[in-house]
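# Have a look at this prediction, sequence included:
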Amino acid sequence: MDTSALLQEIKRRDPHHVNFQQAAASLLKSVSGYLDEHPELLEQGLLDCLLEPERVLRFRVPWVDDQGRVRVNRAYRVQMNGALGPYKGGLRFHPSVNLDVLSFLALEQTIKNALTGLSLGAGKGGADFNPKGRSDAEIMRFCQAFMVEFHRHMGPDTDVPAGDMGVGMREVGYLFGMYRKLSGSFNGAFTGKSLDFGGSVLRPEATGYGLIYFLQSMLAQQDQTLAGKTVAVSGAGNVARHAFAKALDEGATVVTLSDSKGTVFAEQGLTKAHLEAVGDIKADGGGLDQLAERFDGIRYHADSRPWGFPCDVALPCATENELNEADARQLVNNGCRWVAEGANMPCTAEAVSVLRDNRVIYAPGKAANAGGVAVSGLEMSQNSRRESWSAEEVDRRLRAIMERIHGRCLEHGGDHRQPDYLTGASVAGFQRVARAMRGQGVL
Ligand code: NDP
Ligand code: 2IT
């Protein structure tokens, strides 16, 4: 099927899967030039297969809350593509989780994991469970109930989950513990584990650090460095906080952070002390308004996003579609020149067009946030060798992987002074997974 017929078919089959349609349309548009040169890939139904998950599991998760009431959540695992290795990708616990969201994330993961150059297939899963306001005991019971079903569908050579929004080291610990008990096997079937039982050093930091390493390669392409640049970061979770910390280490001034309720802005820049306070506030379930109450020089803007403040670099690190066309125009008007995505698909398609039309250098999450899954790949290697590497070793490998991904994007990204990273990343990732699919026959 050709690409426009394929998009029509996707819309006809799942008209409500608007996020998946957005991700698929972006991918198909980005690889269309490459496909013109490789029509054999269209003939084999390869694209149709790439856009259809190998398998989707849906299951109920009944659990008992602290009041003794039975709650029932809906959970999924989208096992998207296994051509390059075991299905690999995070689990998200958030009330917005549905099959559309997980399908778009699984498609992005397919290209991202291929770009890392590691032996990683792709998947994504999670549940419409809201961890906010839940006690530690409730979180544990939910994680255990999730695994009672899911353990039979995963394993170190089949499907290796990790964290995503709402799933951090604590949740991975509870999930892994139940997996170990039910499977009777201690193995590397989860990444993002605690260092106390097989985790890799630097996995929590890896997505944010990797984003900054990728950004440094983007800047170097134009003979620029991060030192002295003003950076707007969105989010206040794992990715945002570690990107913020590394940007500070590299001499940038970070002026914003945000959460689902609002944005904090500090004209003189946020500091490590602020970052530490954000960690405490978030661990207590609080909002960023508390940061402005605790420190001078910080303004809190309820119900707003960071994109209205002047910056050189914008790093959206919260969630999908958090930066729209109007936000992109504001960034352009305020002098922003680089946008690199820490989150998955945070820029809408219209925002990407505005950035591109105004010569803002834009890097999609499938390239720029691949550091997290890359260190997950390194955690799998360490687990299977029964080794643990030093922080220096993991950091060195992470940096090298991000630089290699940057190089692969350039190969297919046109003008090296003004690279089109979206096309570059999509073609390079697609090329690798398509070759593997083709070599294995129609499956
Ligand atoms: P976390 O759960 O740690 O943090 C998510 C942050 O996003 C929170 O600060 C949350 O606010 C904020 N947020 C959620 N929804 C919205 C919204 N609608 N508007 C504004 N802010 C919102 O998740 P991560 O940091 O792990 O993930 C962030 C993004 O990065 C996601 O897109 C994820 O898929 C992607 N990603 C994560 C990787 C990882 O290794 N963790 C790897 C690669 C990509 P609040 O605190 O109020 O809930
Ligand atoms: O979106 C992502 O790449 C992740 N949530 C990390 C996945 C992983 O398996 O480490």
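Looks like it arrived, so ask away. Ligands and ions are numbered 1, 2, ... in the order given.
# does any part of the helix or strand hosting Ala247 sit near ligand 1?
Per DSSP states H and E, Ala247 falls inside helix 238-249. Yes. Counting by Cβ under 6 Å from any ligand atom, ligand 1 is contacted by helix 238-249 at 238-240. Just so you know, the C-beta spots here come from the backbone N, C-alpha and C atoms, and that holds for glycine as well.
# check those against ligand 2, which are close?
Applying Cβ under 6 Å from any ligand atom to the residues of helix 238-249 next to ligand 1, none is adjacent to ligand 2.
# In those residues, which residue is surrounded by the most others?
Greatest neighbour count in those, by other Cβ atoms under 10 Å, goes to Val239: 32 neighbours.
# Need the residues that contact the helix holding Ala247.
With contact meaning Cβ atoms under 8 Å, 6 or more residues apart in numbering, helix 238-249 is reached by 163, 168, 204-209, 211-212, 226, 231, 233-234, 254, 257-258, 270-272, 275, 278-279, 315, 317-318, 342-343, 369, 372.
# can you pull out the helices in the stretch 151-300 of the chain?
Using DSSP state H, counting those that start in this stretch, the helices found in the stretch 151-300 of the chain span residues 169-183, 203-220, 238-249, 272-283, 289-294.
# could I get the ones you listed as a markdown table with mean pLDDT?
Shown next, in a markdown table, are these (pLDDT from 0 to 100):
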| stretch | mean pLDDT |
| --- | --- |
| helix 169-183 | 98 |
| helix 203-220 | 98 |
| helix 238-249 | 98 |
| helix 272-283 | 97 |
| helix 289-294 | 98 |
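# Out of the ones you listed, which is the most enclosed?
Of the helices of the stretch 151-300 of the chain, the one with the most neighbours on average (mean count of other Cβ atoms under 10 Å) is helix 203-220, at a mean of 25.
# Just the CA trace of it, in PDB.
The C-alpha trace of helix 203-220 is given here as PDB (Å, rounded to 0.1, in the frame of the first residue of the first chain):
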ATOM      1  CA  ARG A 203      20.000   4.700  34.300                       C
ATOM      2  CA  PRO A 204      17.800   7.300  36.200                       C
ATOM      3  CA  GLU A 205      20.000  10.100  34.800                       C
ATOM      4  CA  ALA A 206      20.400   8.700  31.300                       C
ATOM      5  CA  THR A 207      17.500  10.300  29.400                       C
ATOM      6  CA  GLY A 208      18.200  13.800  30.600                       C
ATOM      7  CA  TYR A 209      22.000  13.500  30.300                       C
ATOM      8  CA  GLY A 210      21.600  12.000  26.900                       C
ATOM      9  CA  LEU A 211      19.400  14.800  25.800                       C
ATOM     10  CA  ILE A 212      22.100  17.300  26.800                       C
ATOM     11  CA  TYR A 213      24.800  15.300  25.000                       C
ATOM     12  CA  PHE A 214      22.700  15.200  21.900                       C
ATOM     13  CA  LEU A 215      22.100  19.000  22.200                       C
ATOM     14  CA  GLN A 216      25.800  19.600  22.500                       C
ATOM     15  CA  SER A 217      26.300  17.700  19.200                       C
ATOM     16  CA  MET A 218      23.600  19.900  17.600                       C
ATOM     17  CA  LEU A 219      25.300  23.100  18.900                       C
ATOM     18  CA  ALA A 220      28.700  21.900  17.800                       C
END
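# Does anything pack onto that helix? Which helices or strands?
helix 238-249, strand 313-315, strand 338-340, strand 361-363, helix 365-368, helix 371-385, helix 391-411 (3 or more Cβ pairs under 8 Å, 6 or more residues apart in numbering; DSSP states H and E).
# Just want the angle from it to helix 169-183.
130 degrees (axes from the mean of the first three to the mean of the last three Cα atoms, to 10 degrees).
# can you start the count at 858 instead of 1 from here on
Got it, first residue is 858 now, which makes that one helix 1060-1077.
# re earlier: generate TSV for the residues of helix 1095-1106 next to ligand 1, with distance to Gly947 as supplementary columns.
What follows is the residues of helix 1095-1106 next to ligand 1, written out as TSV (distance: Cβ to Cβ, whole Å):
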residue	distance to Gly947
Asn1095	10
Val1096	11
Ala1097	16
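# so what's the residue in the stretch 1058-1207 of the chain positioned nearest to ligand 2 closest to, chain neighbours aside?
Going by Cβ to the nearest ligand atom, ligand 2 is nearest to Asn1201 of the stretch 1058-1207 of the chain, at 5.4 Å. For Asn1201, ignoring the flanking residues on the chain, the nearest one in space by Cβ to Cβ, 6 or more residues apart in numbering is Gly1222 at 4.8 Å.
# coming back round to it: so for His895, which of the helices of the stretch 1008-1157 of the chain sits nearest?
helix 1060-1077 (26.9 Å; Cβ to Cβ).
# do that closest one and ligand 2 meet?
No. Contact of helix 1060-1077 with ligand 2 (Cβ under 6 Å from any ligand atom) is absent, the minimum separation being 6.9 Å.
# What is the neighbour count of the residue of the stretch 1158-1300 of the chain at minimum distance from ligand 2?
Using Cβ to the nearest ligand atom, the closest approach of the stretch 1158-1300 of the chain to ligand 2 is made by Ser1233 at 3.3 Å. As a burial measure, Ser1233 scores 29 neighbours (other Cβ under 10 Å).
# Tell me which residues touch it, please.
By Cβ under 8 Å, 6+ apart, the neighbours of Ser1233 are 945, 977, 1017, 1019, 1048-1049, 1057, 1060, 1063.
# Let's see that with 7 Å instead.
945, 1019, 1048-1049, 1060 (Cβ atoms under 7 Å, 6 or more residues apart in numbering).
# Distance of it relative to Asn1226?
Separation of Ser1233 from Asn1226 (Cβ to Cβ, to the nearest Å) stands at 12 Å.
# Then Leu884?
The value you get for Leu884 to Asn1226, if Cβ to Cβ is used, is 16 Å.
# Equivalent analysis for Ala1134, please.
25 Å.
# any idea how far ligand 1 is from the closest residue to Val1058 other than its chain neighbours?
Leaving aside its sequence neighbours, Val1058 sits nearest to Ala1248 (Cβ to Cβ, 6+ apart; 4.8 Å). From Ala1248 across to ligand 1, the span is 17 Å (Cβ to the nearest ligand atom, to the nearest Å).
# thinking again about what came up before, any chance of a markdown table for the helices and strands packed on helix 1060-1077, columns distance to Asp993?
As requested, these are arranged in a markdown table below (distance: least, Cβ to Cβ, whole Å):
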| stretch | distance to Asp993 |
| --- | --- |
| helix 1095-1106 | 18 |
| strand 1170-1172 | 31 |
| strand 1195-1197 | 35 |
| strand 1218-1220 | 37 |
| helix 1222-1225 | 31 |
| helix 1228-1242 | 24 |
| helix 1248-1268 | 28 |
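# What lies in contact with the helix or strand bottoming out on mean pLDDT in the chain?
One helix or strand of the chain scores below all others by mean pLDDT, DSSP states H and E: helix 897-900, with a mean of 80. Contact with helix 897-900 is made by 859, 892, 904, 1291, as judged by Cβ under 7 Å, 6+ apart.
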